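> sequence and predicted model, in that order:
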Amino acid sequence: MKSLLLPSALALALAATFSATPASAADPSLKTDKDRHSYMVGMMYGRQLQEIKDDIDIALLQKGLADTFAGGPTLLTEEEMQQAFTEFNQRVQQARAERQQKAAGENLKKGEEFLAKNKTAEGVKTTESGLQYQVIKEGSGPKPKENDQVKVHYVGTTIEGKKFDSSIDRGQPATFPLNGVIQGWTEALQLMPVGSKYKLYIPGNLAYGERGSPPNIGPNEVLIFEVELLEILN
């Protein structure tokens, strides 16, 4: 469980909230800056606590907050609070690890089944590493090397078709060094002449592995990308 009391983290979250929320979206019942700021802080903490909402009593959470704000007596001493925090933190971490392990196993099996079937599809090629790809359009330019920087357009989805990232939606190509991305991309783009568009099927071990990339990519997930190599920049 991450601390909610780190000033730098809170400042970053405040900045992100203000930049992401247009003024016109403010509730008309929030009449003053203090009203909006108070509600904003509640939203921030609510989001951070979403994962553990089933393990806390909202009424007692509110009472703990109110008692502390009032500066009066609290139901727990400082020592009891620290002990409760340690116990709760251990419980949350254990539950998170168990969920991660279960999801990793399920995704690994699902991904292996998908790739086994997909490798027989027309036009799909499989490399020695297990990477699968399909040529949508073959370009005529040079192929990048591992240390090159490239410019690409891409769309990333899960095997269920859920889109998790897209340079096209952002309206701007992505630029990155080939040796600074997931292993599946590093391998695949070296196969692509400039001007090519490939569909990549990347096994979990060539993507984000057992850690995944929360919240959009789970552990051991197979990822699908449509990638167009626009330019080699160096």
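The structure has been received and is ready for your questions. Residues are numbered from 1 along each chain as shown.

> which residues in the protein form strands?
Per DSSP state E, the chain carries strands over the ranges 124-126, 132-137, 149-158, 163-166, 174-177, 197-202, 223-232.

> with adjacent residues omitted, what lies nearest to residue 52?
residue 92 (5.8 Å; Cβ to Cβ, 6 or more residues apart in numbering). (C-beta placed from N, C-alpha, C; glycine too.)

> residue 55 is in contact with the one you found, correct?
Yes - Residue 92 is in contact with residue 55 according to Cβ atoms under 8 Å; the separation is 7.2 Å.

> higher neighbour count, the two?
residue 92 (15 against 11; other Cβ atoms under 10 Å).

> quick one: the longest helix along the chain to strand 197-202, angle?
Ranked by residue count and defined by DSSP state H, the top helix of the chain is helix 78-118. Calculated by axes from the mean of the first three to the mean of the last three Cα atoms, to 10 degrees, helix 78-118 forms an angle of 120 degrees with strand 197-202.

> rewinding a little: deepest-packed of the strands of the chain, please.
Sort the strands of the chain by mean neighbour count, taking mean count of other Cβ atoms under 10 Å, and strand 197-202 sits at the top with a mean of 22.

> that one - contacts with which helices or strands?
The contact analysis (3 or more Cβ pairs under 8 Å, 6 or more residues apart in numbering; DSSP states H and E) places strand 197-202 against helix 78-118, strand 132-137, helix 183-189, strand 223-232.

> other SSEs contacting the last one?
Translated: strand 223-232. Judged by 3+ Cβ pairs under 8 Å, 6+ apart, the packing partners of strand 223-232 are strand 149-158, helix 183-189, strand 197-202.

> so how far is the last one off the chain centroid?
How far strand 197-202 lies from its chain's middle: 20 Å, per Cα atoms, centre = their mean, to the nearest Å.

> please save the CA atoms from it in PDB.
Provided in PDB are the C-alpha atoms of strand 197-202 (Å, rounded to 0.1, in the frame of the first residue of the first chain):
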ATOM      1  CA  LYS A 197       3.300  -2.100 -42.200                       C
ATOM      2  CA  TYR A 198       3.300  -5.300 -40.100                       C
ATOM      3  CA  LYS A 199       0.900  -6.900 -37.700                       C
ATOM      4  CA  LEU A 200       2.900  -8.300 -34.700                       C
ATOM      5  CA  TYR A 201       1.800 -10.900 -32.200                       C
ATOM      6  CA  ILE A 202       4.100 -10.600 -29.300                       C
END
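
> could you list the paired strands of that strand along with their orientation?
strand 132-137 (antiparallel), strand 223-232 (antiparallel) (DSSP bridges).

> pull the residues that contact the last one.
If you take Cβ atoms under 8 Å, 6 or more residues apart in numbering as the criterion, strand 223-232 is touched by 136-137, 139, 141-142, 144, 148-159, 173, 184-185, 188-189, 192-202, 204, 207-208, 217.

> if we go to 7 Å?
Strand 223-232 is contacted from outside by 139, 142, 144, 148, 150-159, 173, 189, 192, 194-202, 207, 217, using Cβ atoms under 7 Å, 6 or more residues apart in numbering.

> try stretch 184-195
Under Cβ under 7 Å, 6+ apart, the answer for stretch 184-195 is 127, 129, 131, 133, 138-146, 150, 178-179, 198, 200, 202, 206-207, 229, 231-232.

> just the buried positions in that stretch, please.
Going by neighbour count (16 or more other Cβ atoms under 10 Å), the buried part of stretch 184-195 is 184-189, 191-192, 194.

> got a markdown table for these, with distance to residue 104 and pLDDT too?
Listed next are the buried residues of stretch 184-195 as a markdown table, based on distance: Cβ to Cβ, whole Å; pLDDT from 0 to 100:
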| residue | distance to residue 104 | pLDDT |
| --- | --- | --- |
| 184 | 18 | 97 |
| 185 | 21 | 97 |
| 186 | 23 | 97 |
| 187 | 22 | 98 |
| 188 | 23 | 98 |
| 189 | 27 | 98 |
| 191 | 28 | 98 |
| 192 | 30 | 98 |
| 194 | 37 | 98 |
